[in-house]
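> sequence first, then the predicted structure, then my questions.
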Amino acid sequence: MTDVLLGTTVEVSSIDGPKRVKIPPGHLKVRLRGLGAPDVDKGGSGDLYVEVKIDLPGKLTETQKQIVETLKKEGL
């Protein structure tokens, strides 16, 4: 969850091998132009889309609950 809020860099698999991708804050999907499957009709390559999955904790500690409540009060 924090990576989505603050942004992060992740390694993803592509046809050309692993690529490091910067995920901007607040984005759940990133388009990587020209890193997808080859386009046999037009030449070149298509786009690769990276979707971010959020793992939410099943149970929050008291400290985590307080932090989330503070964020809620701040409008986040």
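Sure, I can see it.

> residues in contact with the biggest helix by length in the chain?
Using DSSP state H, we find that the single longest helix of the chain is helix 62-73. Identification of contacts with helix 62-73 by Cβ atoms under 8 Å, 6 or more residues apart in numbering yields Pro57, Leu60. The C-beta positions use only the backbone N, C-alpha and C, and glycine is treated the same way.

> chain center to that helix, what's the gap?
23 Å (Cα atoms, centre = their mean, to the nearest Å).

> give me the mean pLDDT for that helix.
What helix 62-73 shows for mean pLDDT is 93.

> what of stretch 20-37?
Mean pLDDT, stretch 20-37: 92.

> okay, how far is it across that stretch, tip to tip?
End-to-end distance for stretch 20-37: 18 Å, by Cα to Cα, to the nearest Å.

> do the same with stretch 39-57
End-to-end distance for stretch 39-57, by Cα to Cα: 40 Å.
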